[in-house]
Structures are given as C-alpha cells and as structure tokens.
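In: with the sequence up front, the predicted model follows.
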Amino acid sequence: MSASANFLVGTTASGKSAVAQYIAEREGQLIVSADSMNLYRGMDIGTAKPTSADREKADYAGFDLAEPTEKFSVATYLNAVRPSFESGREIIVAGGTGLYVKCLTEGFDDVPPENSELRTELEALSYHELEARAKAEASGFYDKLTVDDQKNPRRLIRILERTATGPAALENQRWNAKPKPTLVGLHVERDVIYRRIEKRVEEMYAVGLLDEARALNELDLSPTALQAIGYAEAFAVIKNEITLAKAKEKTVIRTRQLAKRQMTWFRNQLNVEWIDTAQYQTIEKLAEAVSSAWKRIGSTKIQI
C-alpha cells in the first residue's frame with residue numbers, strides 16, 4: 001500500500017486524543033484510532049471515545065467496528081481501517097494499543113494466524129482450569145503477569161495462545177528485523193497520569209457508565225468486552241458484588257497498570273520521539289510541538 005500517516009502515541013490519559021482532535025479540526029486530517037477498545041459499539045463512556053460533538057468537528061475511523069458480542073482480531077482491525085488509508089486523505093493515527101501501531105508501521109505478514117480451534121477450546125474452560133493450564137504450559141509468561149492479570153481469563157487465554165505458537169516463532173518474526181520508523185509520542189509524568197486517571201474514572205461514572213453497563217449486561221458479551229477496564233467493575237456493581245467506591249478504586253488501579261504496560265511496550269517495541277508535555281501549558285502549544293515534530297520526521301509509511 002502506498003499510503004502514509006502521522007502517528008501520535010502515548011499511554012491512556014496522556015492527552016493524545018485531544019491533541020489529534022485539535023490538529024484535525026484546524027487542518028482537516030482524518031483521525032484513525034489505534035485503540036483496541038474503541039472498536040466496540042455501545043462501549044463509549046468507559047473507553048473514553050470522542051464525543052458526538054468532537055466527531056462533528058473532525059472525521060474519524062477505527063471506531064464502532066464490531067458488536068461487543070463479537071470476537072475481534074488485529075487482522076480484522078487492519079482490514080477495517082484499510083479503506084481510510086486508501087482514501088487519499090491526510091491521516092493522523094492516534095492510540096495506545098501498541099500492537100495495532102506496530103502492525104500498521106512494520107507489517108502484519110509474520111504475525112502467527114489466530115488458532116480458532118484453540119481459542120474455542122480455551123474459552124470453554126473455567127477460570128480455575130485456565131489458571132492451572134497457564135501455570136503448567138506458560139509458566140514463564142504467567143509469572144510475569146500482574147496479580148490482576150493473573151485473575152483475568154482473557155490474559156490467561158492470550159499467554160496460552162502465545163505459548164502455542166512457540167516462543168522462537170514470536171522472537172524471530174520478520175518484523176523485528178525491519179528498521180523501525182520514528183513516531184511521535186506524548187510523555188506525561190506518572191503522578192500527572194495518575195491524577196488524570198482518577199478524574200476520568202469519576203467523570204465516567206458521573207456521566208452514566210453504570211447505565212451503559214446495564215445495557216451491555218443484557219448481551220452475551222465477548223470475553224474481551226466482559227473484562228474491559230471499567231466495565232468489569234461496573235458489571236460487579238450491578239450484580240451487587242462490590243460497592244461503587246470499590247469499583248472506582250479497582251478501575252483506577254487497573255487503568256494505572258494499563259498505562260504502565262503501554263509505556264513498557266512503546267519503549268521496547270517502537271522507536272518513539274517523546275514530547276515532554278510539561279513544557280507546554282496549552283493544547284495549542286502542545287499541538288504546535290507535535291506538528292513540528294511530524295514535519296521534521298516526515299510521515300510514516302503504512303505497511304498493510
């Protein structure tokens with residue numbers, strides 16, 4: 001594909017969506033989301049999607065691609081956003097799902113195909129069966145998980161799938177040998193991120209996360225949607241399993257852990273030029289810094 005885009009990456013609550021929105025409104029670019037949770041319809045508040053007002057001011061793609069009852073793979077995402085890159089539009093890719101960014105910039109050819117039979121087999125297991133199998137078959141990966149992730153069936157399924165492909169195959173994927181393009185990212189100090197996360201969680205509940213979760217709770221959700229940060233805790237409140245205060249606390253903790261994992265991925269898997277957001281007091285100045293970095297680095301070729 002002969003297409004390119006400007007990339008803006010960062011952890012959750014780093015402000016990348018606001019910067020992309022600001023630039024797109026003024027310069028007319030199409031924003032393509034690289035966030036794996038934005039693809040589910042009806043999961044809007046807990047995933048911090050752009051508001052309807054924002055979407056009226058800028059064009060978006062990569063959102064609302066599937067029902068929360070559906071399974072969704074990286075390959076499906078790439079196929080869904082491909083028309084955007086074939087449109088001839090100037091594009092901003094903004095998001096925090098490192099694997100999506102990596103596949104867009106370095107290619108998807110050598111990613112092991114999804115083993116649908118194994119996935120079906122694993123999804124039929126109980127949590128305790130998954131835990132036992134993960135400890136037996138993927139102990140190296142299991143021991144590196146956080147305590148919360150060790151209790152997350154979706155994470156256990158992923159490490160079992162990863163082990164099934166063979167560690168050597170993963171380490172020697174051809175994309176790891178390719179030159180890595182330089183992307184632009186927003187760096188925010190950890191304490192600032194933590195405060196933003198706490199504020200965001202409060203706001204999500206204030207504007208109706210529980211109501212959104214009640215509607216979703218009537219559906220046969222996919223494992224990914226069922227365990228999504230914020231929603232899993234909201235479902236527990238609805239079922240009277242935990243208090244609202246505890247749900248907020250757990251959501252904050254899980255979101256902090258997500259931010260940590262995202263930054264680890266960006267540092268280890270991508271080549272990012274970080275912009276220190278603390279140096280810019282307004283969204284306008286930060287957007288100018290991002291635009292300047294894009295012009296200096298040049299746009300990144302899309303590899304799908």
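Out: The structure has been received and is ready for your questions.

In: next secondary structure after the host helix or strand of Thr251?
Out: Per DSSP states H and E, Thr251 falls inside helix 244-269. In the C-terminal direction, the helix or strand that comes right after helix 244-269 (DSSP H and E) is strand 271-276.

In: what packs against that next one?
Out: If contacts are counted by 3 or more CB pairs under 8 Å, 6 or more residues apart in numbering; DSSP states H and E, strand 271-276 sits against strand 182-187, helix 283-297. Just so you know, the C-beta spots here come from the backbone N, C-alpha and C atoms, and that holds for glycine as well.

In: of all these, which lies closest to Leu221?
Out: The closest approach between Leu221 and any of the helices and strands packed on strand 271-276, judged by CB to CB, belongs to strand 182-187 at 31.4 Å.

In: residues in contact with the nearest residue to Leu130 once chain neighbours are set aside?
Out: If you skip the residues right next to it in sequence, Leu130 has Leu156 as its closest partner in space, 4.2 Å away by CB to CB, 6 or more residues apart in numbering. The contact partners of Leu156, by CB atoms under 8 Å, 6 or more residues apart in numbering, come to Leu122, Tyr127, Leu130, Glu131, Arg133, Ala134, Tyr142, Gln150.

In: buried residues in the helix or strand containing Leu156, which are they?
Out: Here Leu156 is covered by helix 153-165, with elements defined by DSSP H and E. Of the residues in helix 153-165, those buried under the neighbour-count criterion (16 or more other CB atoms under 10 Å) are Pro153, Arg154, Arg155, Leu156, Ile157, Arg158, Ile159, Leu160, Glu161, Thr163.

In: of the residues you listed, just say which sits nearest to Pro50.
Out: Within the buried residues of helix 153-165, the smallest distance to Pro50 is 25.3 Å, found for Arg154 (CB to CB).

In: so that closest one versus Pro223, what's the distance?
Out: Spatial separation of Arg154 from Pro223 under the definition CB to CB, to the nearest Å is 5 Å.

In: could I get the average pLDDT for stretch 5-12?
Out: Rounded to a whole number, the mean pLDDT of stretch 5-12 is 98.

In: wait, stretch 75-89
Out: Stretch 75-89 shows an average pLDDT of 93 in the prediction.

In: and for stretch 223-232?
Out: Computed over stretch 223-232, the mean pLDDT rounds to 94.

In: same check, this time on stretch 17-32
Out: Confidence over stretch 17-32, taken as the mean pLDDT, stands at 97.

In: most neighbours among the contacts of Leu156, please name it.
Out: Neighbour counts for those (other CB atoms under 10 Å) peak at Ala134, which has 24 neighbours.
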